[in-house]
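1. Quick one, fold the following:
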Amino acid sequence: MQKNTMAIVLIILGIIVLAVPLLGLIPLSILTGLGVVFLGIGFILAGFPDREINRGLGLLEIVLGIMALVLGLGFILNSDLFSFVAGLLVTMAGLFLIIVGIVATFTKTGGSRWNGVVAIIIGLIYLLFGHILQDPFWLGELIGLWLLLTGIIMFFQKD
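-> Residues are numbered from 1 along each chain as shown. Okay, the predicted model is just below:
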């Protein structure tokens with residue numbers, strides 16, 4: 001019974017987020033931002049003692065901690081930055097897939113040139129989705145769709 005209640009809550013949340021996409025994006029942006037802020041604080045705190053052991057490693061941890069802190073605060077204060085970074089990461093993954101696909105096509109890696117062609121096609125799809133995800137509205141819509149589908153699947157899943 002508890003599973004069905006959770007499924008119904010997810011379905012309702014999915015419908016609400018589909019109707020108002022920023023309601024799904026803002027909490028996700030804030031939660032991700034908090035996680036990145038804590039990661040940055042952890043890097044900074046770990047960097048100071050590590051400077052005594054290895055000055056370069058400690059300094060690198062402190063710099064990465066400051067960068068993570070700034071990025072995390074950016075996610076918390078501006079959900080547009082979150083959607084931009086999400087889209088950018090998906091776009092970069094698409095570019096890497098296309099490059100790997102081209103190399104695999106010409107070198108016949110994996111025993112067949114079709115493996116490379118499939119990687120290129122998937123990379124192009126990633127590029128398309130990366131472009132779509134950079135818009136906060138569409139990222140919110142995808143979050144709402146994910147909530148809705150997860151709720152539906154959970155509701156009809158057998159125990």
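2. Skip the chain neighbours and tell me the closest residue to Ile99.
-> Excluding the flanking residues, the one nearest Ile99 by Cβ to Cβ, 6 or more residues apart in numbering is Gly123, at 7.9 Å. Every residue, glycine included, has its C-beta placed from N, CA and C.
3. For burial, what's the neighbour tally of that neighbour?
-> Neighbours of Gly123 under the rule other Cβ atoms under 10 Å: 21.
4. Check whether it really touches Ile102, as I assumed.
-> No: taking contacts as Cβ atoms under 8 Å, Gly123 lies outside contact range of Ile102: 9.1 Å.
5. ok, the residue nearest to Ile99 to Ala46 distance?
-> Distance from Gly123 to Ala46, counting by Cβ to Cβ, to the nearest Å: 36 Å.
6. what does Gly14 give?
-> 39 Å.
7. neighbour count winner among those two?
-> Gly14 (21 against 15).
8. any weak-confidence spans in the protein?
-> 1, 109-111 (pLDDT under 70).
9. Assign whatever residue is furthest in space from the centre of the chain to helix, strand or coil.
-> When distances are taken from the C-alpha mean of the chain, Glu52 lies farthest, 34.8 Å away, according to Cα atoms, centre = their mean. Look at Glu52: counting by DSSP: H, G, I helix; E, B strand; the rest coil, its state is helix.
10. didn't it look like it was pressed against Leu59?
-> No: in this structure Glu52 lies outside contact range of Leu59 using Cβ under 8 Å: 11.7 Å.
11. Output the strand or helix carrying Leu71 as PDB - backbone C-alpha positions only.
-> Assigned by DSSP states H and E, Leu71 belongs to helix 55-77. What follows is helix 55-77, C-alpha atoms only, in PDB (Å, rounded to 0.1, in the frame of the first residue of the first chain):
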ATOM      1  CA  ARG A  55      52.000  21.600  -1.400                       C
ATOM      2  CA  GLY A  56      50.700  21.200  -5.000                       C
ATOM      3  CA  LEU A  57      48.000  18.700  -4.100                       C
ATOM      4  CA  GLY A  58      46.800  20.800  -1.200                       C
ATOM      5  CA  LEU A  59      46.700  23.900  -3.400                       C
ATOM      6  CA  LEU A  60      44.800  22.000  -6.100                       C
ATOM      7  CA  GLU A  61      42.200  20.800  -3.600                       C
ATOM      8  CA  ILE A  62      41.700  24.300  -2.300                       C
ATOM      9  CA  VAL A  63      41.300  25.800  -5.800                       C
ATOM     10  CA  LEU A  64      38.900  23.000  -6.700                       C
ATOM     11  CA  GLY A  65      37.000  23.600  -3.500                       C
ATOM     12  CA  ILE A  66      36.600  27.300  -4.200                       C
ATOM     13  CA  MET A  67      35.400  26.600  -7.800                       C
ATOM     14  CA  ALA A  68      32.900  24.000  -6.400                       C
ATOM     15  CA  LEU A  69      31.700  26.500  -3.800                       C
ATOM     16  CA  VAL A  70      31.100  29.200  -6.400                       C
ATOM     17  CA  LEU A  71      29.400  26.800  -8.800                       C
ATOM     18  CA  GLY A  72      27.200  25.400  -6.000                       C
ATOM     19  CA  LEU A  73      26.200  28.900  -4.900                       C
ATOM     20  CA  GLY A  74      25.400  29.700  -8.500                       C
ATOM     21  CA  PHE A  75      23.100  26.600  -8.700                       C
ATOM     22  CA  ILE A  76      21.400  27.700  -5.500                       C
ATOM     23  CA  LEU A  77      20.900  31.300  -6.600                       C
END
